[in-house]
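**Student:** Structure for this input, please:
(one chain, ligands or ions: 1)
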Amino acid sequence: MTQTPALALTNVQFGWQSRGGFTLSCPSFEVAQGESVLLLGESGSGKSTLLSLICGIITARSGTVAVAGHDLGPLRAGQRDRFRAEQIGVIFQQFNLLPYASVADNIALPLRFAPSRRKRAGDIPATTTTLCRDLGLPEDAPHLKAGQLSVGQQQRVAVARALIGHPPLIVADEPTSALDAATQESFLKLMFNQARQSHASVLMVSHDARLATHFDSTIDLSDIVTTQRSAA
Ligand SMILES: Nc1ncnc2c1ncn2[C@@H]1O[C@H](COP(=O)(O)OP(=O)(O)OP(=O)(O)O)[C@@H](O)[C@H]1O
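**Tutor:** So this is what the prediction gives:
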């Protein structure tokens, strides 16, 4: 029996109207359950736009985006937000942590909107402490404010927040772009160790081809999407 892919895009069309206009079309793209995929593209090639479509932050003009077999198209904005909280661990380029909230509250944030994921997370304070320990954060980290941490530590918090409650899909937008090679390496190791334990699929976008060795497959964005910029 064929497994439902973790992610499947079919005949997706999307357009930004402002800033001169940008259209993106993706005839077909799939990520299998448990697979890790690196999507490579230059700055401005549409990587973040594609991830926003996959996460349901924006919606396709036509075509289908399905996560774990669920089509995001018919969902209203609030339903998409809840679906994302349940199914997708998102690591944003700038981490998007709440600086004045504790590390523990930052990590547990997606669980607020996701009852099934909350159940899977088990005892939340214990899970948060374990994730912090496994990700090499200091013992007192859960009680510190996120804004007090170093950039490298904030990244680890962003990974913990993406992984808590075992979402089946982890999506990461250039989370290593500001790091030196050694820190990149340890960041990816940590993310993959944790994702493997959760049997999660990982989709990361980047402009950095050197990251390819860490992934099951590497795809050039231009092989799966065509884009067009209207004349300004
Ligand atoms: N919110 C928005 N409104 C209007 N246009 C946008 C918006 N976000 C992105 N775009 C446009 O879409 C195109 C692709 O941008 P996108 O951010 O998806 O590329 P990217 O590959 O992620 O770039 P980078 O690597 O620099 O982050 C650009 O022309 C950009 O100006």
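**Student:** The residue nearest the centre of the chain bridge partners, please.
**Tutor:** Residue closest to the average C-alpha location in the chain (CA atoms, centre = their mean): residue 171, at 1.9 Å. In this entry, residue 171 is beta-bridged to residue 90, residue 203, by DSSP bridges.
**Student:** got the residue ranges for the strands in the chain?
**Tutor:** All strands of the chain, identified by DSSP state E, fall at 7-16, 22-31, 36-40, 62-67, 70-71, 88-91, 169-173, 201-206, 217-220, 226-229.
**Student:** Adding mean pLDDT and distance to residue 142 as columns, could you present those in JSON lines?
**Tutor:** For glycine as for every other residue, the C-beta is placed from the backbone atoms N, C-alpha and C. As requested, those are exported to JSON lines (pLDDT from 0 to 100; distance: least, CB to CB, whole Å):
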{"stretch": "strand 7-16", "mean pLDDT": "96", "distance to residue 142": "31"}
{"stretch": "strand 22-31", "mean pLDDT": "96", "distance to residue 142": "31"}
{"stretch": "strand 36-40", "mean pLDDT": "97", "distance to residue 142": "28"}
{"stretch": "strand 62-67", "mean pLDDT": "97", "distance to residue 142": "29"}
{"stretch": "strand 70-71", "mean pLDDT": "96", "distance to residue 142": "32"}
{"stretch": "strand 88-91", "mean pLDDT": "93", "distance to residue 142": "18"}
{"stretch": "strand 169-173", "mean pLDDT": "94", "distance to residue 142": "21"}
{"stretch": "strand 201-206", "mean pLDDT": "95", "distance to residue 142": "25"}
{"stretch": "strand 217-220", "mean pLDDT": "97", "distance to residue 142": "35"}
{"stretch": "strand 226-229", "mean pLDDT": "92", "distance to residue 142": "42"}
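**Student:** and the longest helix for this structure?
**Tutor:** In the chain, ranked by residue count with DSSP state H as the criterion, the top helix is helix 181-198.
**Student:** Measure how far that helix is from the centre of its chain, please.
**Tutor:** Taking CA atoms, centre = their mean, to the nearest Å, one finds helix 181-198 lying 14 Å from the centre of the chain it belongs to.
**Student:** what's the angle from that helix to strand 36-40?
**Tutor:** With axes from the mean of the first three to the mean of the last three CA atoms, to 10 degrees applied, the angle from helix 181-198 to strand 36-40 works out at 140 degrees.
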